[in-house]
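Engineer: Here is the input, now give the coordinates:
(2 chains)
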Amino acid sequence: MDDLQSALATALRLVISADAGLLEIVFLSLRVSLTAVTLAAVVGMPLGALVALQRFPGRAAVVTFLNSLMGLPPVVVGLLVYMLLSRAGPLGEHGLLFTPTAMVIAQTLLVLPIIAALTRQTLADLHREYAEQLQSFRVPAWRGALTLLWEGRFSLLTAILAGFGRASAEVGAVMIVGGNINHVTRTMTTAIALETSKGDLPLALGLGFVLITLVIAINALALSVQRLESRV
Amino acid sequence: MDAAVTSIDTGHGSASVTDILLLKLHNAGLRRNGQDLLTDVCLGFDDRRLTVILGPNGAGKTLLLKLCHGLIAPTSGTVTWAHPELLTAPRGQSMVFQRPVILRRSVAANIEYALRVCGVNRAARPQRLQTALELAGLSGLATRSARVLSGGEQQRLALARAWAIQPQVLFLDEPTSHLDPGATRSIERMILSIRESGTKMIMTTHDLGQARRLADEIVFLNHGRVAEHSDATTFFQQPETPEARAFVEGRLLW
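Structural biologist: Below is the predicted model of the structure:
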């Protein structure tokens, strides 16, 4: 019990004093997850729009596939990216395994289906409502897609936040392709998972605080986005 | 204008040969799932008078309007424009839907969007926007979010937005069917001032009073067929067909 209390106290001290080691981990986590979410949004939103608005054979199957990928287990994504980037893998020559880049790749793949599937859902719903009006304005398809993306901006922002929440809280993928190397690939989640077992409870707890705060902040942001939407 | 156009059979011979026929339907029909929704529609529309397509619910008024506007294609017969580019050009025609789609932006941005996608010259847009806002009486609400406006204000915005691009033809589909009497009056006032400005309008309504107040000419539609096409005064004073007589006298048609 005393151990736990002192660990808690040390953890709080680490957070309040903005400990360099802790900050390094927090910043790396944020850098990796934000980069991954940005890439996933850049690819995922046009992809979602395409599936939502373009008629092509096998579209229903693609939608089902995309929706199932939302629940992709992070460890599986980690494993696939590991095999891709390992020395013997097809991209092995670039030596990316156990680097932040590898973690960005893994998280991008993890978040991409979430953003693409939510974008598709949003745009498909909007399209039902807007199609005739856009046709009446004689709007070409590409412009109609841009219009719908803008009309759905609040839902899309929520989708991006959901993606960011997923990326920053997952441990499986970054653990496998990053390896939790100190000063290089140690993120909040891998540190909590591995430092706990090594007995560095204060660092794990401190990072836990930061992570929870981050998750609460994301949810608060998502809620205010929805509030904003009801007024626009 | 095109000489060929003046010789077209208008179905019921009401449009005189001196009129310029902007749009004509020849034996146009629409068949879906084995059901005839519109049958043998022969109509000619001139380029100035306010046409009201009148008829009971389910007569096919909205479908006829969408057929004219090019949103759906006829399954038989033809819909021809005197100037074919009017069909596809964004500024040729516009339509106000029964339930208009109001964009999630400000009132002014809704109108600006229409001006932009319809290719109105950038320099001309501010003036058009102001005129449209004034027409709709929405100048004071220009920066307000359009989605939070009342139903009547949204319909006024939709009408102003459709008119702002200065279309050759403005289609209105039951523009007041969801509105209270006050909001209906403002919409009708707007429609009359748009007519003053010389814009051709084709609108549907099932409201006899509204047809009396607005129409220059009436197309009476019943069970997907044009039962009568005549001047408004003629139609209301001496309806030719028994169906039209029943409708004018307020006896419902089924």
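
Engineer: Find the least confident helix or strand in chain A, judged by mean pLDDT.
Structural biologist: Ranked by mean pLDDT, DSSP states H and E, the helix or strand of chain A with the weakest confidence is helix A:2-16, at a mean of 87.

Engineer: Now that helix - C-alpha only, PDB.
Structural biologist: What follows is helix A:2-16 as a C-alpha-only set of coordinates in PDB (Å, rounded to 0.1, in the frame of the first residue of the first chain):
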ATOM      1  CA  ASP A   2       2.800   2.400   0.900                       C
ATOM      2  CA  ASP A   3       4.500   1.400  -2.300                       C
ATOM      3  CA  LEU A   4       1.400   2.400  -4.300                       C
ATOM      4  CA  GLN A   5       1.100   5.700  -2.500                       C
ATOM      5  CA  SER A   6       4.600   6.700  -3.100                       C
ATOM      6  CA  ALA A   7       4.400   5.600  -6.700                       C
ATOM      7  CA  LEU A   8       1.300   7.800  -7.100                       C
ATOM      8  CA  ALA A   9       3.000  10.700  -5.500                       C
ATOM      9  CA  THR A  10       6.100  10.300  -7.700                       C
ATOM     10  CA  ALA A  11       3.900  10.000 -10.700                       C
ATOM     11  CA  LEU A  12       2.100  13.200  -9.900                       C
ATOM     12  CA  ARG A  13       5.400  14.900  -9.300                       C
ATOM     13  CA  LEU A  14       6.600  13.700 -12.700                       C
ATOM     14  CA  VAL A  15       3.600  15.200 -14.500                       C
ATOM     15  CA  ILE A  16       3.600  18.500 -12.600                       C
END
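
Engineer: What ranges does the chain have for its helices?
Structural biologist: No chain was given, so I picked chain A. A:2-16, A:20-53, A:59-69, A:74-85, A:100-136, A:141-151, A:153-169, A:172-178, A:188-198, A:201-231 (DSSP state H).

Engineer: Oops, wrong one, chain B.
Structural biologist: Assigned by DSSP H, chain B shows helices spanning B:3-6, B:61-69, B:85-88, B:107-117, B:125-136, B:151-164, B:181-196, B:208-214, B:232-237, B:242-248.

Engineer: who wins for proximity to A:His94 among the ones you listed?
Structural biologist: For A:His94, the closest of the helices of chain B is helix B:107-117, at 44.7 Å, according to CB to CB. Where you see a C-beta, it was placed from the backbone N, CA and C, and this is true even at glycine.

Engineer: That closest one near chain A anywhere?
Structural biologist: Yes: applying CB under 8 Å from any CB of the partner chain, one finds helix B:107-117 touching chain A at B:113-114, B:117.

Engineer: Could you find the lowest-pLDDT member of these?
Structural biologist: The lowest pLDDT within the residues of helix B:107-117 next to chain A belongs to B:Val117, with 94.

Engineer: Surely that residue is in contact with A:Val139?
Structural biologist: Yes: with contacts counted by CB atoms under 8 Å, B:Val117 reaches A:Val139, the gap being 5.2 Å.
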